[in-house]
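J.: dropping a prediction and its sequence here:
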Amino acid sequence: MEWETVIGLEVHAQLATKSKIFSGSSTTFGAEPNTQASALDLAMPGTLPVPNEQAYRYAIMFGLAIDADIARTSVFERKNYFYPDLPKAYQTTQLEKPIVGPGHVEIELADGTKKTIRIHHAHLEEDAGKSLHEDFHGMSGIDLNRAGTPLVEIVSEPDMRSSEEAVAFAKKLHSIVTSLGICDGEMSQGSMRFDVNISVRKPGEELGTRTETKNLNSFRFMEDAIKLEVERQIDLIEDGGKVIQETRLYNGDTKQARSMRSKEEANDYRYFPCPDLLPVVIEDDYIESIRKELPELPDARQERFITQYGLSSYDASALGSDANMALYFETAAKDSGDTKLTANWIMGELSARLNSADLSIKHSPLSAEQLAGMVSRIADGTISSKMAKQVFDGMWNNGGDADSIIEDQGLKQVSDSGAIEAMVDEVIANSDKQVDNFRNADESKRPKMLGYFVGQIMKASKGQANPQQVNEILLKKLNDLL
Amino acid sequence: MTIERADIEKLAELARIEINEATIAETTQSIADVLALVDQLQAADTEGVEPMAHPTDAIQRLRADEVTEINHREEFQAIAPATEAGLYLVPKVID
Amino acid sequence: MNDSIMHNKTIAEIIAGLEAGEFTSVEITQHYLKRIKQLDRKYNSYITVNETSALAQAEAADQRRAKGNAPAFCGVPIAHKDIFCTNGIRTSCGSKMLDNFVPPYDATVVENFANAGAVVLGKTNMDEFAMGSSNETSFYGPVKNPWNINTVPGGSSGGSAAAIAAHLAPGATATDTGGSIRQPAALCGITGLKPTYGRVSRWGMIAFASSLDQGGPMARTAEDCALMLNVMASFDPKDSTSIDREVPDYTTNLNQSLNGLKIGIPREYFEEGLNPGTEQAVKNALAELEKQGATLVSISLPHTKLAVPAYYVIAPAEASANLSRFDGVRYGHRCEDPKDLRDMYMRTRAEGFGEEVKRRILVGAYCLSAGYYDAYYRKAQQVRRLIKQDFVDAFEKVDVIMGPTSPSPAFEFGSKGSDPVAMYLEDIYTIATNLAGLPGMSAPCGFVDNKPVGLQIIGNYFDESRMLNVAHQFQLATGWHKRSPEGLELEEAK
Ligand SMILES: [Mg+2]
Ligand SMILES: [Zn+2]
């Protein structure tokens, strides 16, 4: 009998607030170490936390987006453990009374099937700092800039049955939080991190012992880590061994995982309600006012892309699931005036380039406006698609707008029919043999034979002849010779 | 509730406090005394009583999302046991 | 100006003297600094004396007063318990852990006094992290009770209480988690008030048990406590548990008559364990208040016996987490040459904390740990509600509740021995008000064997004005608060 994989996710998403969850320190990424760590963030004695309303608002937005119950009363608790990047030696988090109760999201798999994944709850908590392991005379360095950054931790039910489903779920959450604007979704900066609980069983049996692979920060790593762990568990059991409950760490560079600690070594976290913070009571009116201002969610946006722009459902999903991608597309489409061509360029060349440069659409070197400028020149026939590649390269590498690149590099397409006709005539005059072949060929084979002529004409025009016009004129002239 | 040396060792580990071998018996005894005192709670009838975490029924105020803190790294690190390059130094962290 | 008169002045009299130009803030500050230098060797009531900064503050206060429009408190010297963070001045909390800790910020209470123009003479000694009822747990050595230096001053605010009793400060800030203002006030024969939870900001006050800790004033008279509370109390947006409620002028009602006042006398506060002399002194005081028109109403607080057990779960549980931040990473003590991370934590905390603090951390960790949470922590929180309800019911019938502050007067050093429970029972009458969040105060009401006895006055939520009124009227009619221990004269004055 086949093995069944059971996967549950815990997802940490950094909330895009300006200040930290309990202090007025900035949350900007990439600052000099410990320059964004206030007395409170450093857990100096006597300092006290005051929660950030925006963090609450964002968590509620998420709850509404997944159709969850919003807790009218939520309570912060202390989770106690010692670690140098956790200055108070407890994390302020929510356990018994989280802000967001049970909800669900729908995922769509590659074959088009849809599946609902239940979310157990989502809670607010603070992020820890970072330990830097470069060698400082055998010591580690601690940077507490990130300590206290608000997180929403989203805990799913164990509803996923494959790495594909897990990745689809993770992508869906990414798409929801970025669409809501509550998280910047920058995986490379750790804005979203995934903990994956994995177990295997024979279908129909009870849940097997699970392991937790922590802190995966890319979809690819997540997929690889799941496959690796599932294989490890199956091999283990088939060889007569037993899976032990443990926390594992996956290294994306070496594609290997190792055990961090087993359950026996697990901490006793001694959760209890934080006495420095009072219960947060949320009124219905407050929730309704947030609901009214909820931005468009990915599912609705994809529907809209299909009806408004006539995109296929595949294109709508590719362009509409990520908020930044959607914004880019809509900006470029509006500017260029050609939706379909814009969509093709984004999903084709731009996505490929971003992918290989490991950049998100938000950090695209080519703005939506630049891309639109190029697309409109294709649409109005100024340049061919082939020339557009050169324009694209120019903008990608050196910036600037399409028109000036076309101008500078002399990429203007020749659309003067007189000039094209002359070139066609010249090529026909110098290609007796090919013209004879064409004449004698079976009618069905003739279209294939046009290639040679087109090639010669484009060569003569240094690639600048409008290919559509070339085709039309050539066909007409050859037909006249029949 | 009886408390034994092993319990104290476990608590000491959780609380990251090294317990002196010479005084562990005494520590165990004094903690047993305290626990005997608090065990009087077990006699109370608390059926249906909502636990009370705060003396008042006040609810949490939330603050506006504004950056109000500026960099005080120099001052803060002047009182730190060990720093370098703006980082707090600790014995090697292995996760 | 006669020196011996200067240090006998109450805060109210100092304010009047400064206003009338009888003396300057610099003069009275210098006077106190000189006394501290000469006399505090005997009492050990200060951990840190702010000689230079106090004089600078006094000079600034005199200038401010000369310009007019200075707040009432301008130029009055006081001391801060060493639990309140003071920018640039070492704040040890009575612990080796923070022996080298100089905060780069002020507690809100410290800021409030600074804004009011007060002069800070120094930081007073205390039980380590406010854990103790005798001041024997201080890293800086015990404080001696000025009434009898073989006895304890009480704790944890024993330094503040002794400094006031020895006339080494006219008033001092203090904190009370289970009786730490009221019990030392009683044992040292001074007046102290623990306000309603949330009345005084906890920002910058080093936390022991967050849901119980409350700062308050100590002075020789109720009127002085009112003047100090006027400065101390504030709504502080930096403290989530601070209550947004207007601060009244606590001196306004001091002179109201007590005619018609209903005083609840809890049966449970006069049962076994109460020293007969203490009981007599308290009963005499109640009789005096009856004479002023108050009515005594016998009441019951049926869960009184559970207050100490509930407290010794809740306070250590909160403390165990609050004190985890002392890990040797960012400030404070760090052990020498740690061999690894775990070793750094284990030895830093073993060396930095004293025995009582360690004991409470371990008890707290135990009560919160897996398998024990419900039986201890949750149960204690349920009992806490029952205790609060007892008071809520009682205040339906009475205006204030009174009884002894402490079961007996000051005891000798070491007499509570190695059994922590004997010490914990010192706070049997004071702990319940912390659990309930109610205000409580202690005022001198007599002596047993030349040792002061304190009368405890418990008020309803935010009813500090009435408590101060009662204590003030009592003090107008009796002279207990005016008595001073012997041996307070400077050598040159003898
Ligand atoms: Mg988790
Ligand atoms: Zn988490």
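T.: Looks like it came in fine. Ligands and ions are numbered 1, 2, ... in the order given.
J.: tell me the SS of residue A:229?
T.: Of the three states, residue A:229 takes helix under DSSP: H, G, I helix; E, B strand; the rest coil.
J.: where's it relative to residue A:399, distance?
T.: Residue A:229 is 44 Å from residue A:399, where distance means C-beta to C-beta, to the nearest Å. Every residue, glycine included, has its C-beta placed from N, CA and C.
J.: for the two, indicate the residue with more neighbours.
T.: residue A:229 (25 against 12; other C-beta atoms under 10 Å in any protein chain shown).
J.: residue contacts, that one?
T.: By C-beta atoms under 8 Å, 6 or more residues apart in numbering or on different chains, the contact list for residue A:229 reads A:196, A:198, A:211, A:213, A:248, A:250, A:257.
J.: surely the first one is within a strand?
T.: Yes. Going by three-state DSSP, the assignment for residue A:196 places it inside a strand.
J.: that one reaches residue A:223, doesn't it?
T.: No. Between residue A:196 and residue A:223 there is no contact under C-beta atoms under 8 Å: 10.1 Å.
J.: need the residues touching each of those two.
T.: Listed as contacting both residue A:196 and residue A:223 by C-beta under 8 Å, 6+ apart are residue A:166.
J.: the two: which has the busier surroundings?
T.: The residue with more neighbours, out of residue A:196 and residue A:223, is residue A:196; 27 against 17, by other C-beta under 10 Å.
J.: show me the contacts for the more buried one.
T.: Here residue A:196 is in contact with A:7, A:8, A:9, A:166, A:212, A:213, A:216, A:222, A:225, A:226, A:229 (C-beta under 8 Å, 6+ apart).
J.: in the stretch 201-350 of chain A, what residue spans correspond to strands?
T.: Using DSSP state E, counting those that start in this stretch, the strands of the stretch 201-350 of chain A run over residues A:211-216, A:246-251, A:256-262, A:272-273, A:280-281.
J.: how far is the third one from where the chain is centred?
T.: If I follow you right, that is strand A:256-262. Its chain's average C-alpha position is 27 Å from that of strand A:256-262, according to C-alpha atoms, centre = their mean, to the nearest Å.
J.: also stretch A:451-463?
T.: 42 Å.
J.: residues of it that come out buried?
T.: By neighbour count on 16 or more other C-beta atoms under 10 Å in any protein chain shown, the buried set for stretch A:451-463 is A:453, A:454, A:456, A:457, A:458, A:460, A:461.
J.: need the contact list for the fourth one.
T.: With contact taken as C-beta under 8 Å, 6+ apart, residue A:457 is in contact with A:420, A:423, A:424, A:427, A:465, A:470, A:474.
J.: count of residues packed around the closest residue to chain C within chain A?
T.: Here the residue of chain A nearest chain C is residue A:89; by C-beta to the nearest C-beta that distance is 3.3 Å. Using other C-beta under 10 Å, residue A:89 has 24 other residues around it.
J.: ok, residue A:289 next?
T.: Close neighbours of residue A:289, defined as other C-beta under 10 Å, add up to 11.
J.: quick one: contacts for it?
T.: Listed by C-beta under 8 Å, 6+ apart, the contact set of residue A:289 is empty.
J.: what does chain A put close to chain C?
T.: A:39, A:42-51, A:78, A:80, A:82, A:84, A:87-90, A:142, A:268, A:270-272, A:275-278 (C-beta under 8 Å from any C-beta of the partner chain).
J.: just the buried ones among the residues you listed, please.
T.: Buried among those (16+ other C-beta under 10 Å): A:39, A:42-51, A:78, A:80, A:82, A:84, A:87-90, A:142, A:268, A:270-272, A:275-278.
J.: I'd guessed residue C:156 sits against residue C:125; true?
T.: No. Applying C-beta under 8 Å as the test, residue C:156 and residue C:125 come out as separate, 9.6 Å apart.
J.: now do the residue in chain C that chain B sits nearest to against residue C:312, distance only.
T.: Going by C-beta to the nearest C-beta, chain B is nearest to residue C:437 of chain C, at 2.4 Å. Taking C-beta to C-beta as the criterion, residue C:437 is separated from residue C:312 by 18 Å.
J.: what about the chain, any weak spots by pLDDT?
T.: Unless you meant another one, I'm taking chain A. Where chain A drops to pLDDT under 70, the residues are A:1, A:262-266.
J.: that answer is for a different chain, and I need it for chain C
T.: Using pLDDT under 70, chain C drops low at C:1-4, C:492-494.
J.: ok, now which ones touch residue 51?
T.: Since you didn't name a chain, this refers to chain A. Contacts for residue A:51 (C-beta under 8 Å, 6+ apart) come out as A:21, A:22, A:76, A:277, A:280, B:60, B:62, B:63, C:240.
J.: chain B is the one I meant
T.: Listed by C-beta under 8 Å, 6+ apart, the contact set of residue B:51 reads C:378, C:381, C:382, C:384, C:385.
J.: and which of the residues you listed is nearest residue B:69?
T.: The nearest member of those to residue B:69, counting by C-beta to C-beta, is residue C:381 at 33.8 Å.
J.: please, which helix or strand holds that closest one?
T.: Per DSSP states H and E, residue C:381 falls inside helix C:379-394.
J.: packing partners of the helix or strand just after that helix?
T.: Counting by DSSP H and E, the next helix or strand C-terminal to helix C:379-394 is strand C:400-404. Judged by 3 or more C-beta pairs under 8 Å, 6 or more residues apart in numbering or on different chains; DSSP states H and E, strand C:400-404 is in contact with strand C:262-266, helix C:276-291, strand C:451-459, helix C:464-477.
J.: enumerate the residues of chain B near chain A.
T.: Selection of chain B residues close to chain A by C-beta under 8 Å from any C-beta yields B:14, B:16, B:53-54, B:58-69, B:71-73, B:76-77, B:82, B:84-93, B:95.
J.: of the residues you listed, list those near chain C.
T.: Answer for the residues of chain B next to chain A near chain C (C-beta under 8 Å from any C-beta): B:14, B:16, B:53-54, B:58, B:60-61, B:63, B:72, B:76, B:82, B:88, B:90-93.
J.: thinking again about what came up before, quick one: which of the contacts of residue A:51 is most hemmed in?
T.: residue A:76 (29 neighbours).
J.: okay but that one is in contact with residue A:277, surely?
T.: Yes. Proximity of residue A:76 to residue A:277 meets the contact threshold set by C-beta under 8 Å, at 4.6 Å.
J.: between the two, what contacts are shared?
T.: Here residue A:76 and residue A:277 have A:51, A:92 as joint contacts, going by C-beta under 8 Å, 6+ apart.
J.: how close does the most centrally placed residue in chain C get to chain A?
T.: For chain C, the residue nearest the mean C-alpha position is residue C:181 (2.5 Å; C-alpha atoms, centre = their mean). Using C-beta to the nearest C-beta, to the nearest Å, residue C:181 is found at 18 Å from chain A.
J.: if I pick that residue, what's in contact with it?
T.: Counting by C-beta under 8 Å, 6+ apart, residue C:181 makes contact with C:157, C:174, C:175, C:192, C:193, C:194, C:216, C:218, C:442.
J.: ok, 10 Å please
T.: By C-beta atoms under 10 Å, 6 or more residues apart in numbering or on different chains, the contact list for residue C:181 reads C:81, C:154, C:156-157, C:160-161, C:173-175, C:191-195, C:214-218, C:225, C:405, C:430, C:440-442.
J.: mind giving me the packing neighbours of the longest strand anywhere in chain B?
T.: In chain B, taking DSSP state E as the definition, the longest strand is strand B:87-91. Counting contacts by 3 or more C-beta pairs under 10 Å, 6 or more residues apart in numbering or on different chains; DSSP states H and E, strand B:87-91 packs against strand A:130-136, strand A:139-143, helix B:73-78, helix C:341-352.
J.: so which of those is the most packed in?
T.: Greatest average neighbour count among the helices and strands packed on strand B:87-91 goes to strand A:139-143 (a mean of 23), per mean count of other C-beta atoms under 10 Å in any protein chain shown.
J.: in its sheet, what does that strand sit against?
T.: strand A:130-136 (antiparallel), strand B:87-91 (antiparallel) (DSSP bridges).
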